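Engineer: Sequence first, then the predicted structure:
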Number of protein chains: 2
Amino acid sequence: MTSSPKIPSVDPVKLDRLAEVSVKIGLQLQPGQDLLITAPLAAVPLVRRITEHAYKAGAGLVTALYNDEETTLMRYRNAPDDSFDRSAGWLYEGMAKAFSENTARLAVAGDNPMLLSAEDPEKVARANRAQSRAYQPALEKIAGFDINWNIVSYPTPSWARQVFPDQDPDVAVAMLADAIFAASRVDVEDPVSAWRDHNAALHRRTAWLNAHAFSALHFKGPGTNLTVGLAGEHEWHGGASVAKNGITCNPNIPTEEVFTTPHALRVDGHVSSTKPLSHQGTLIENIKVRFEGGKIVEAKATRGEEVFNKVLGTDEGARRLGEVALVPNSSPISASGLLFFNTLFDENAASHIALGQCYSKCFINGDRLTPDEVAARGGNKSLIHIDWMIGSGEIDVDGINKDGSAVPVMRKGEWV
Amino acid sequence: MTSSPKIPSVDPVKLDRLAEVSVKIGLQLQPGQDLLITAPLAAVPLVRRITEHAYKAGAGLVTALYNDEETTLMRYRNAPDDSFDRSAGWLYEGMAKAFSENTARLAVAGDNPMLLSAEDPEKVARANRAQSRAYQPALEKIAGFDINWNIVSYPTPSWARQVFPDQDPDVAVAMLADAIFAASRVDVEDPVSAWRDHNAALHRRTAWLNAHAFSALHFKGPGTNLTVGLAGEHEWHGGASVAKNGITCNPNIPTEEVFTTPHALRVDGHVSSTKPLSHQGTLIENIKVRFEGGKIVEAKATRGEEVFNKVLGTDEGARRLGEVALVPNSSPISASGLLFFNTLFDENAASHIALGQCYSKCFINGDRLTPDEVAARGGNKSLIHIDWMIGSGEIDVDGINKDGSAVPVMRKGEWV
Ligand SMILES: [Zn+2]
Ligand SMILES: [Zn+2]
Ligand SMILES: [Zn+2]
Ligand SMILES: [Zn+2]
């Protein structure tokens, strides 16, 4: 007689590999360096694996801050109106202080992307604004790449339910776990060397784009005819990259993109999203916007339009671009055919743009530029940075030289 | 046909009542006030109930910080030696800032009291010292009663295993839950009014002691003959009490003690502990110490003596007293006959003394005294505050007047 053994939802061997890749490739955590982890409560098993790998790598002190979807909902359902303009400023200031003392930063993603979809969008927007403001000093150190940082994902039950709504809860978690492990390239024997090869391939792309130093990119396809001017002295990045503290790290796991800084004043034309954007609990679908002089002057969406317009109203820079990124349609994440409802994955399935804050590292000698110098080159400034997908198998991309001549970069979503 | 239903380990109705008592009696949380909760990961169910009650009471923002016993052990077993002098200073500074902005403080107790008993005591002492130093600015605001604060307990599996080692894990949790609910006076119909009655009874005791304004207390019994001089202008407290922010709260749930500030230089004689002291993962048993001029000049213990001596070596004030407290031997916690391995409970089973930092509120007009004025009256200063039990059914206590005459206070552990 045999009985079918209960198969664990999340493969512990691959989970441990993901933690190892996060510490050794994602962070390249240095001996003696402290580590700050933020994670959903449900991601405790991954946080524990990461913590052990971090200490084995010589971490000084590992501190984890958890957020709990249950208590977030309790706030929306019970807190007084004033609550939604509050934030834990003392905690975000503390995080900024930790980063200024060279603490590395690891974010575990995995929250239910639809958590707040039934809540009052006005309250959601106010709470997000209060949190963004409080988080700004810490975010600047991450966006400015002062320290090595990394994001990895954990298959929480609430996220798995969104990606696989027709599956049993356990099966959904197992399927999302497998998708995360494949996308994060830990479903192979030696994930650390697989990541080294992948980084080398991405660096060949950025070298080619940096050699061309295009003045703009032109995106053309169904619903899209967009010219994205590139910032002066912009630099393409992708894969592993050197933080200002001298540590080479891979901020995003997974990552398939090469990306740079657009010119905040030189974006013109119209563009349509090619995948839904899941923004802090709300799904925004079929975005169509028109740019004039770098600014969004018209915005529509078939779902979540109110939230999208609130996002655009965050501040002056929220209507302008802070990033443009190229991802081939054949990327493993695109090939999976899944919609993850999570930017970290979905942005690596398609070329994309980001509203809001630019990365100062995406300039030549970017780490030495003052905020004024970044602005003078066309770098955008905002409290937000929100990526959304504009690439697909039907989009062509040209690089536009200063003399107006065009160089094919992508055809039907693939590198030429 | 019937099937016996699976009885949940922790009664959800009583758990919810404990959360309600914590918010309404323990904290008296005010509308618009923010709340900072610290808790073991296993206490998530109570944190959620507390969060909901806090928002219903009008909380501005509730923030929970979790600690994880698993990752604490990973540190001891994998981290480099330097790690044990590190602390998350940025986080403790943030907590101090939150308290200075009138954020209320709730600590959920429930960690395994023996967690670190197998670890290197040298590392444990170094890690505790680094953490105590970093926590000092925040602790001063709590010890100084700047804000309303509260401690409640949750029956975690690892704690339950220590209290009921011979029981099934589920049964142990259920038994510890019942013991916590009874000690915390939430096993009655209307726990909020039960707490009001209990507070009134404690206030009658403190009023009597304050009217006498004894110069010293004398403890006598097996292994104990100790005179504890009381600080100049000392004041007895117990039960509900007014924080400097004007809010009346019950810091400890449960609480059975009345307590005041001894004179740091006027403690003489010898004293024996009557219950084990569980100190940050180590059990210290059968403490015997001798005081001269307020200072411990001889210290022994049959178990944990090394850790106890490290505690005494923390700083100058660690060998002197910061608190003396009276608890009748018939207190409900003493009557339970249990050893909780947790000061919050065990100190409320017996009269006790505390090494280290005094409470400045235990002086007449204490909230207006400068640190120098507190010291001039005999108030002790230290990085630590560690209570240990010296009361039992065999201990007599006299109040000593300034002229040397004695007034019976307790006989065989009960109020006269
Ligand atoms: Zn991107
Ligand atoms: Zn981006
Ligand atoms: Zn006490
Ligand atoms: Zn005490």
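Structural biologist: Looks like it came in fine. Ligands and ions are numbered 1, 2, ... in the order given.
Engineer: Remind me which helix or strand the residue of the stretch 51-200 of chain A at minimum distance from ligand 4 belongs to.
Structural biologist: Ligand 4 sits closest to residue A:90 of the stretch 51-200 of chain A, with a gap of 26.4 Å, by C-beta to the ion. For the C-beta atoms, the positions are set from N, CA and C on the backbone; glycine is no exception. Secondary structure assigned from DSSP states H and E places residue A:90 in helix A:89-100.
Engineer: buried sites along the helix or strand following that helix?
Structural biologist: Per DSSP H and E, helix A:89-100 leads on to strand A:104-109 as the next helix or strand towards the C-terminus. Neighbour-count burial for strand A:104-109 flags A:104, A:105, A:106, A:107, A:108, A:109 (criterion: 16 or more other C-beta atoms under 10 Å in any protein chain shown).
Engineer: Make sure the fifth one is actually in contact with residue A:150.
Structural biologist: The reference is to residue A:108. No - Residue A:108 is beyond contact range of residue A:150, at 9.6 Å (criterion: C-beta atoms under 8 Å).
Engineer: got a list of what the residue of the stretch 101-250 of chain A at minimum distance from ligand 2 touches?
Structural biologist: Closest to ligand 2 within the stretch 101-250 of chain A is residue A:143: 9.6 Å, counting by C-beta to the ion. For residue A:143, the contact set (C-beta atoms under 8 Å, 6 or more residues apart in numbering or on different chains) comprises A:357, A:358, A:359, A:360, A:385.
Engineer: can you do 10 Å?
Structural biologist: A:136, A:149, A:322, A:356, A:357, A:358, A:359, A:360, A:361, A:385 (C-beta atoms under 10 Å, 6 or more residues apart in numbering or on different chains).
Engineer: per-residue confidence for the fourth one?
Structural biologist: pLDDT, the model's per-residue confidence, is 97 for residue A:356.
Engineer: Equivalent analysis for the first one, please.
Structural biologist: At residue A:136 the predicted local confidence, pLDDT, stands at 93.
Engineer: Spatially nearest residue to it (excluding sequence neighbours)?
Structural biologist: residue A:383 (6.1 Å; C-beta to C-beta, 6 or more residues apart in numbering or on different chains).
Engineer: what's the spacing between the residue of the stretch 1-150 of chain A found nearest ligand 3 and residue A:122?
Structural biologist: With C-beta to the ion as the measure, residue A:90 is the residue of the stretch 1-150 of chain A nearest to ligand 3, at 28.7 Å. Distance, residue A:90 to residue A:122, using C-beta to C-beta, to the nearest Å: 26 Å.
Engineer: returning to what we had before: top of the contacts of residue A:143 by neighbour count?
Structural biologist: Within these, neighbour counts (other C-beta atoms under 10 Å in any protein chain shown) peak at residue A:358, which reaches 31 neighbours.
Engineer: Residue A:343 touches residue A:278, doesn't it?
Structural biologist: Yes - between residue A:343 and residue A:278 there is a contact under C-beta atoms under 10 Å: 7.1 Å.
Engineer: Overlap in contacts, the two.
Structural biologist: Joint contacts of residue A:343 and residue A:278 (C-beta under 10 Å, 6+ apart) are A:113, A:388.
Engineer: list the contacts for the closest residue to residue A:317 other than its chain neighbours?
Structural biologist: Ranked by C-beta to C-beta, 6+ apart and with sequence neighbours excluded, the top spatial neighbour of residue A:317 is residue A:382, at 3.0 Å. By C-beta under 10 Å, 6+ apart, the contact set of residue A:382 is A:132, A:136, A:264, A:314-322, A:354-358.
Engineer: Now, those that are in helices?
Structural biologist: A:132, A:136 (DSSP state H).
Engineer: And the contacts of residue A:382, which of them are buried?
Structural biologist: Those of the contacts of residue A:382 that meet the buried threshold are A:132, A:264, A:314-315, A:317-322, A:354-358, by 16+ other C-beta under 10 Å.
Engineer: near ligand 2, which of those residues show up?
Structural biologist: residue A:354 (C-beta under 5 Å from the ion).
Engineer: still on that earlier bit, and of the contacts of residue A:143, the nearest to residue B:49?
Structural biologist: residue A:136 (33.1 Å; C-beta to C-beta).
Engineer: Mind telling me which residue is nearest the centre of chain A?
Structural biologist: Using C-alpha atoms, centre = their mean, the residue of chain A that lies closest to the mean C-alpha position is residue A:344, 4.4 Å off.
Engineer: How about the secondary structure of the closest residue to residue A:298 other than its chain neighbours?
Structural biologist: Spatial nearest neighbour of residue A:298, chain neighbours left out: residue A:290 (4.2 Å); criterion: C-beta to C-beta, 6+ apart. Residue A:290 carries the three-state label strand when classified by DSSP: H, G, I helix; E, B strand; the rest coil.
Engineer: Which strand residues bridge residue A:290?
Structural biologist: Per DSSP bridges, the residues bridged to residue A:290 are residue A:270, residue A:298.
Engineer: State the pLDDT value of it.
Structural biologist: 98.
Engineer: how close does it get to residue A:297?
Structural biologist: Taking C-beta to C-beta, one finds residue A:290 at 6 Å from residue A:297.
Engineer: higher neighbour count, the two?
Structural biologist: Between residue A:290 and residue A:297, residue A:290 has the larger neighbour count (other C-beta under 10 Å), namely 15 against 10.
Engineer: So which residues on the stretch 1-150 of chain A come close to ligand 3?
Structural biologist: Checking the stretch 1-150 of chain A against ligand 3 by C-beta under 5 Å from the ion, there are no hits.
Engineer: Identify the residues contacting the closest residue to residue A:364 other than its chain neighbours.
Structural biologist: Nearest non-adjacent residue to residue A:364, counting by C-beta to C-beta, 6+ apart: residue A:233, 4.5 Å away. Residue A:233 is in contact with A:213, A:261, A:362, A:363, A:364, A:365, A:366, A:369, A:373, A:377, A:378, A:379, counting by C-beta under 10 Å, 6+ apart.
Engineer: Thank you kindly, that will do.
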